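Enquirer: Mind folding the following:
(chains A and B)
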Amino acid sequence: MGGVLPVLALLALVIFAAPSAVVIVILLLPTALARAGDSSPGHPLTQAVLLFGSAGAVPCLDQLWHLGNRLPEAIALATDMHTVALCWALQAAGWLLGQTIPIAIAAITRGEIARQRATLEQRRATLEAEWDWH
Amino acid sequence: MSEQRDSAGSGLIAETYLVDGGLRLPGEAGGMPAFAAIDQRKGQRDLMAVQVAPDAPPRMAAISSMTGSVIGTGVIGSGMIGSGMIGSGMGGGAIDGVLSPLAHGSAAAAPPGPDGRAALYVICPRPSGPALSALQAGPGIWSEAALLQNLVRPAALTLARLEERGLTHRSIRPNNLYQPHPGAPVQLGCAWAGPPALLQPAVFEPPYSAMCHPAGRGDGSIADDVYALGVVLLSLALGQVPLAGLEPDDVIRRKLELGSFVALAGSARLSPTIADLVRGMLAEEPSHRPVPRLLADPLAARARRVAARPQTRAQSALAFGSAQVWNARSLALALSRDPEGAAHLLRGFAVDLWLRRALGDPVLAGRVEAVVRDPDPEPGTRPVDPPTIVMRAVSVLDPLAPLVWRGLALFPDALGPLLAAVSGGQASRPQAGMDGIVELIEGDALDLWTRARPERGDPATAWPGTVELRVPLRAAGWAGGPARVTYALNPLLPCRSALLAGICVVRLADVLPALERVAAGLADPRTDMLIDAELGAFLAARLSGRADADLAILAHLDQQADDPRGERGLAQLRVLTLLQGRGTAQPAPALAQAALRSVTRALAAWHHRGQRAAREAALRQAAEAGQLSDMLALIEDVPARKSAASAAAAASAELRRIAADLASLDADTGLRDATIRVSGEEIAKAAGLVVLVCTVVAKVLS
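Expert: Next up, the predicted model:
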């Protein structure tokens, strides 16, 4: 079901709003790529990329709909390098954030654990030096 | 008085008396070793120091009565340890006519005893003349007037004075009676440096006393002294000691067969006065003998005659072993000498048959039969006990006989000296003898013996009481057992512990100085063993149970080679501190150093290294000062121990918590990584959402 609904939504979009569909397909192509490479449950990375991509696509769709939502304008917008580059860059940033934030958090966590371990071991050494239970 | 000089040293007793070990005085102490002594305060030189045998303690009651309160103890001079009494104070002082004790004690430089250990001495005046035994070789037979004026009257007056004090002499014999010159009244010798009647030959003792173990004769009564005086009177009247050359058992048997007067005087020609006096003085029944006050007037004493029923002689003898028995008293003696044969004979009812048929005494036969059939007069189901049968049968056959138990004859008031002698090896079979005495105390034989002779109420039957003796006998560890009872019943018995290295220790106050001296001479000053079983028994007796718990611990730990927690050292320290608190409170640095190592182990209870090190340092300081109580206080500081224990518990809990925290840091790393990854992705999504919302809002607003 998870893969059928987007396809059905896309088909409905192509049938009933083909210009918007052209813009969305072109602009959110990186999201589709990200989805293809994202095998984790719930596809959280894809979702992050999609959200960033949506942020780039929304102004284009708004502009398309102001221009009458016709196919030539849609093609013009979808082939505008500036627009496409901005949208794809946003999706790349989303993908990058999804990749780097866990690494950063892991690094910070490990540092904190090492600090705690050092503190505990120092306290243990102090106690063992002060007390003798033999 | 002859004197011998040798190269031995000299010593001080009771800080007063110098013992001249080089000047021996043979024949001046009734056969006991004696040396010249000098009162250094008064310059009095006519004194002697009578050496006490190792296992024969002096008579404390008599010494206390004649010398007064116990004084003077501890380290005297350079390394001499002494204790003693001086003749003034609570007691009634010296008694005229007898060599009264002045002090007792030991001195390191005085001649040692036969066992090589420092000996105990009793100081008393030297006799005013030679012993009668020495005189007898010369003048021979005494006249009747001389006997009455110079022997009977002065000796009786002296005995009367002793009786007033509740004392007996019990050593009246020719070699312990002295006369300054012919025609002078005799003087009674020293009788205080050993158990009563210890050295009395059988002929000078009533047969019932003579049949006892030499240390088991007891203080007896003044009538026993009258008996001995009667034998001396007879000896001087005859010019010789009667029955000389006979074995003691033959003397006793002869006295019991014939009666003492007939056995000793026989057909000798005596003046009627002397014969009447001697007959009265040698009466078998003590109450029939003239009392000393009466004897002081010999003519009046002669007139007093008490009819005594003569012993019935059987028509035929009873053969028992190698003996031929002719009357009940002789039978009692024979049974007491062979307890196993006696039990067999009694159980076969041969005795009551002989009593009924040959002796013609059915009443006595019935009583003996009752004893055999029911050894316990109280209703009960106790099994028949052969020693009890023999003991009760002997006392039924002869109510005057001593208590007989497994071949050992004694009067109960001599239990203390007898224990000292038997435990010191002065018996044919010491272990069997000791077992027998323990059995005597543990059982009810003493009570039965007293009940079996209700007609006898004389002081000879007085005894400490088995109940009082059972408590120390049964106490746990070193605080109990025969050794403790021995010391409890012999207040002047020196401690036999090998740890004391031959130092004579009689009183509690002498223990710590002696141990300090021993510790000071140790090659290894840090030894674990400061109290052994023998010293433990001595301390238990002298401390009257105040150290029993610690002595029980020491006995328990003695089975273990190591003392890792210092329990032995701590128990020893508690006992030694008790001694230091009771004595002169002199510091004992050598002893404290000796105790230090084992005691330091007890500081293991302080788990905090810093606190323990501080306490160890303080402990070393107290040990150097010789203050045992300070050492104990440092170890047994209860509030500090509690505080240290709670701190240790808290620290231990904290360590456990740290270990748990460290373990949790290493646990579930996979879950943690997954969480981190999800968190990162959620953050990325959140960022995307924020950007989207911002874009939409911006678009709407524009």
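
Enquirer: neighbouring contacts of the lowest-mean-pLDDT helix or strand in chain A?
Expert: Within chain A, no helix or strand scores below helix A:4-16, which has a mean of 81 by mean pLDDT, DSSP states H and E. With contact meaning CB atoms under 8 Å, 6 or more residues apart in numbering or on different chains, helix A:4-16 is reached by A:20-21, A:24-25. All C-beta atoms are positioned from the backbone trio N, CA, C, and that covers glycine.

Enquirer: can you pull out the helices in chain A?
Expert: Assigned by DSSP state H, the helices in chain A fall at A:4-16, A:18-27, A:29-37, A:44-66, A:71-78, A:81-130.

Enquirer: possible to save those as TSV with mean neighbour count and distance to B:Cys694?
Expert: Shown next, in TSV, are these (neighbours: other CB atoms under 10 Å in any protein chain shown; distance: least, CB to CB, whole Å):
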stretch	mean neighbour count	distance to B:Cys694
helix A:4-16	11	25
helix A:18-27	20	18
helix A:29-37	17	19
helix A:44-66	22	8
helix A:71-78	17	21
helix A:81-130	16	12
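
Enquirer: among these, where is the model least confident on average?
Expert: Mean pLDDT values for those show the minimum at helix A:4-16, a mean of 81.

Enquirer: So what's the gap between stretch B:595-603 and the chain middle?
Expert: Taking CA atoms, centre = their mean, to the nearest Å, one finds stretch B:595-603 lying 33 Å from the centre of the chain it belongs to.

Enquirer: Do it and chain A come into contact?
Expert: No - using CB under 8 Å from any CB of the partner chain, stretch B:595-603 stays clear of chain A, with a minimum separation of 10.7 Å.

Enquirer: re earlier: identify the farthest-apart pair in the contacts of helix A:4-16.
Expert: For the contacts of helix A:4-16, the maximum inter-member distance is 9.5 Å, found between A:Ser20 and A:Val25 (CB to CB).

Enquirer: Quick check: buried residues in the helix or strand where B:Leu264 lies?
Expert: Element membership of B:Leu264, judged by DSSP states H and E, is helix B:260-265. Buried positions in helix B:260-265, judged by neighbour count with 16 or more other CB atoms under 10 Å in any protein chain shown: B:260-261, B:263-265.

Enquirer: Any chance of JSON lines for the residues you listed, columns distance to B:Leu543 and pLDDT?
Expert: As requested, those are exported to JSON lines (distance: CB to CB, whole Å; pLDDT from 0 to 100):
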{"residue": "B:Ser260", "distance to B:Leu543": "46", "pLDDT": "94"}
{"residue": "B:Phe261", "distance to B:Leu543": "50", "pLDDT": "93"}
{"residue": "B:Ala263", "distance to B:Leu543": "49", "pLDDT": "94"}
{"residue": "B:Leu264", "distance to B:Leu543": "48", "pLDDT": "94"}
{"residue": "B:Ala265", "distance to B:Leu543": "53", "pLDDT": "92"}
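
Enquirer: Return the member of the residues you listed nearest to chain A.
Expert: Checking the buried residues of helix B:260-265 against chain A with CB to the nearest CB, the nearest one is B:Ser260 at 76.9 Å.

Enquirer: re earlier: now the least confident helix or strand of chain A, how far from the centre of its chain.
Expert: Distance of helix A:4-16 from the chain centroid (CA atoms, centre = their mean) equals 22 Å.

Enquirer: same thing with stretch B:105-120?
Expert: 18 Å.

Enquirer: And stretch B:692-702, by the same measure?
Expert: Relative to its parent chain, stretch B:692-702 has a centroid offset of 114 Å by CA atoms, centre = their mean.

Enquirer: Then stretch B:155-172?
Expert: That offset, for stretch B:155-172, works out to 24 Å (CA atoms, centre = their mean).

Enquirer: same check, this time on stretch B:665-678
Expert: Worked out by CA atoms, centre = their mean, stretch B:665-678 lies 82 Å from the chain centre.

Enquirer: That stretch - what's its average pLDDT?
Expert: Mean predicted lDDT for stretch B:665-678 stands at 82.

Enquirer: So which bits of it are buried?
Expert: Those would be B:676-678, for stretch B:665-678 by 16+ other CB under 10 Å.

Enquirer: next one: stretch B:549-560
Expert: Buried, per 16+ other CB under 10 Å, within stretch B:549-560: B:549-555, B:557-558.

Enquirer: same question, stretch B:389-400
Expert: In stretch B:389-400, counting by 16+ other CB under 10 Å, buried: B:389-398, B:400.

Enquirer: Ok, stretch B:271-288 next?
Expert: B:273-284, B:286, B:288.

Enquirer: now these as CSV including secondary structure?
Expert: Compiled in CSV, the buried residues of stretch B:271-288 are given as follows (DSSP: H, G, I helix; E, B strand; the rest coil):
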residue, secondary structure
B:Thr273, helix
B:Ile274, helix
B:Ala275, helix
B:Asp276, helix
B:Leu277, helix
B:Val278, helix
B:Arg279, helix
B:Gly280, helix
B:Met281, helix
B:Leu282, coil
B:Ala283, coil
B:Glu284, coil
B:Pro286, helix
B:His288, helix
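
Enquirer: could I get the helices of chain A as TSV with distance to B:Gly581?
Expert: Output for the helices of chain A, formatted as TSV (distance: least, CB to CB, whole Å):
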stretch	distance to B:Gly581
helix A:4-16	98
helix A:18-27	102
helix A:29-37	91
helix A:44-66	83
helix A:71-78	109
helix A:81-130	36
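
Enquirer: Looking at those helices, which is nearest to B:Leu662?
Expert: Nearest to B:Leu662, of these and by CB to CB, is helix A:81-130 at 5.4 Å.

Enquirer: quick check, nearest of the contacts of helix A:4-16 to chain B?
Expert: Nearest to chain B among the contacts of helix A:4-16: A:Ile24, at 14.2 Å, using CB to the nearest CB.
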